[in-house]
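Trainee: Predicted structure and sequence below. I'll ask about it afterward.
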Protein chains: 2
Amino acid sequence: MSDKTRIRRLPERAVTDVEVIHAILDEGFVCHAAYVVDDRPVVIPTLYARDGDRILLHGSNSMGLARAVRSGSPLSVAVTLVDGLVVARSAFNSSANYRSVVVHGLGKILEGDEKAAGLDIVIDKVLPGRRPDLRPSTDTEVAQTSVIELSLDEVSAKVRSGGPSDDPEDMELTIWAGVVPLRLEPGEPIAAENLVPGLEIPDYLRPYRR
Amino acid sequence: MSDKTRIRRLPERAVTDVEVIHAILDEGFVCHAAYVVDDRPVVIPTLYARDGDRILLHGSNSMGLARAVRSGSPLSVAVTLVDGLVVARSAFNSSANYRSVVVHGLGKILEGDEKAAGLDIVIDKVLPGRRPDLRPSTDTEVAQTSVIELSLDEVSAKVRSGGPSDDPEDMELTIWAGVVPLRLEPGEPIAAENLVPGLEIPDYLRPYRR
């Protein structure tokens, strides 16, 4: 095996480069948002989108997250992209490759035009190009949805990439070491069972076609 | 396209079946753990394994999560498997397919033999079959690691699967609807650059080979 097919050690590191942080937030679309209720933490997965120096969390208006923001709970929101399993020569040095951003702060529930614009941003993020096709949202639907803005003022990020970081004295061991890459891969789009006949998979889903 | 290749509506639902909950926890290996520090939530990604009616969170002994457990903070731990993008005829009914478990409770920092056994469980979970190959952990390494036990007494789970749940009045719209499946897929294992010559990819990594 040539050196080109082998993977170098690049240890875990804190990241402060705003472009790297934005790229991580832009690649993800599911975040884990934590809030506090009666001194206890609650964490839930939800959809989000980055827009400039803020993220917009999308959810039901009745969910605990929106209630917690209304009652003043700070938030902690994590976006984690899992890139691989790091298979080292020892358990201690085995790890995962990942890119992770955590945002802290007070969320703001968007209303009115800000909310409508925020919803469009989330829709455009999750499936770029699809929004012009969609049946427009009704007022009732918008009322049932919440969009929570969280600024990217207080952000930490960590990235671990590359091969295992084994101890120097372990390098001669006859134990295989390396990385199993992992990636969230799309499959071929599957049409709904009751689709109007003749509709083809639209162009904006082409990136997902195999 | 025949009906067999089309996807039926199966709306989001709360799940209480313990076998389904265990299956979700067994498929994942990264969780998001939330705790409280100074009345603020903190959420971080970390590795975990399920063992019977508990999960074991793995991390550095110096990390905030272990400190928070020691100081009595309750935990909220989410495991989320993303299965697809649900592409509906309206933005409101568009969603994601996912399987998610959230566990609440007081964590317990394992020590001594319980900790050693817990570490083995996590190692066996992340890469089954690999442990006998590994250079055994040193006392120093074990001391730098923490294993936090959280019982599955207080668990909630939600699953969304199947096609879009469009409104009846939207069914005649000439808008493509369906699902883009998503799956965390392994790539071909990549050897470390400084591997002892002649080592082949071991059998326990075969499931990851393409």
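Mentor: Looks like it came in fine.

Trainee: Which SSE is immediately downstream of the helix-or-strand element of chain A with minimal mean pLDDT?
Mentor: The least trusted helix or strand in chain A, going by mean pLDDT, DSSP states H and E, turns out to be strand A:9-15, with a mean of 72. For strand A:9-15, the succeeding helix or strand toward the C-terminus, using DSSP states H and E, is helix A:18-27.

Trainee: Which strands and helices lie in contact with that next one?
Mentor: Helix A:18-27 sits against strand A:40-51, strand A:74-87, strand A:95-106, strand A:154-162, with contacts defined as 3 or more Cβ pairs under 8 Å, 6 or more residues apart in numbering or on different chains; DSSP states H and E. Every residue, glycine included, has its C-beta placed from N, CA and C.

Trainee: Identify the residues contacting the residue nearest the centre of chain A.
Mentor: By Cα atoms, centre = their mean, the mean C-alpha position of chain A lies nearest to A:Gly28, the distance being 2.9 Å. A:Gly28 sits next to A:Tyr48, A:Val79, A:Thr80, A:Leu81 when contact means Cβ atoms under 8 Å, 6 or more residues apart in numbering or on different chains.

Trainee: Neighbour-wise, which one of these leads?
Mentor: A:Tyr48 (27 neighbours; other Cβ atoms under 10 Å in any protein chain shown).

Trainee: do you know how far that residue is from B:Leu205?
Mentor: 34 Å (Cβ to Cβ, to the nearest Å).

Trainee: A:Asp124 against A:Asp133, yeah?
Mentor: No: in this structure A:Asp124 lies outside contact range of A:Asp133 using Cβ atoms under 8 Å: 12.0 Å.

Trainee: if we can go back for a sec, just the closest of the contacts of A:Gly28 to chain B, please.
Mentor: A:Thr80 (4.1 Å; Cβ to the nearest Cβ).

Trainee: Tell me the pLDDT of that closest one.
Mentor: The confidence metric pLDDT takes the value 98 at A:Thr80.

Trainee: In the sheet, which residues pair with it? Tell me.
Mentor: A:Ser100 (DSSP bridges).

Trainee: do the same with the one 5 residues further on
Mentor: The bridge-partner assignment for A:Leu85, based on DSSP bridges, gives A:Ala96, A:Val180.

Trainee: Repeat that for A:Ala191.
Mentor: According to DSSP bridges, beta-bridge pairing links A:Ala191 with B:Gly178.

Trainee: Give me the number of neighbouring residues for it.
Mentor: Other residues within reach of A:Ala191 by the criterion other Cβ under 10 Å amount to 20.

Trainee: Among the contacts of A:Gly28, find me the one that's closest to A:Gln144.
Mentor: Nearest to A:Gln144 among the contacts of A:Gly28 is A:Tyr48, at 18.0 Å by Cβ to Cβ.

Trainee: if I pick the closest one, what's in contact with it?
Mentor: A:Tyr48 is in contact with A:Gly28, A:Phe29, A:Val30, A:Cys31, A:Ile55, A:Leu56, A:Leu57, A:His58, A:Val77, A:Val79, A:Val122, counting by Cβ under 8 Å, 6+ apart.

Trainee: surely the last one meets A:Arg50?
Mentor: Pointing back at A:Val122 there. No: using Cβ under 8 Å, A:Val122 is not in contact with A:Arg50, being 10.1 Å away.

Trainee: shared neighbours, those two?
Mentor: Counting by Cβ under 8 Å, 6+ apart, the residues touching both A:Val122 and A:Arg50 are A:Leu56.

Trainee: buried sites along stretch A:109-123?
Mentor: Within stretch A:109-123, the residues that count as buried by 16 or more other Cβ atoms under 10 Å in any protein chain shown are A:Ile109, A:Leu110, A:Lys115, A:Gly118, A:Leu119, A:Asp120, A:Ile121, A:Val122, A:Ile123.

Trainee: Out of these, which is nearest to chain B?
Mentor: Looking across those and measuring by Cβ to the nearest Cβ, the closest to chain B is A:Ile123, at 4.9 Å.
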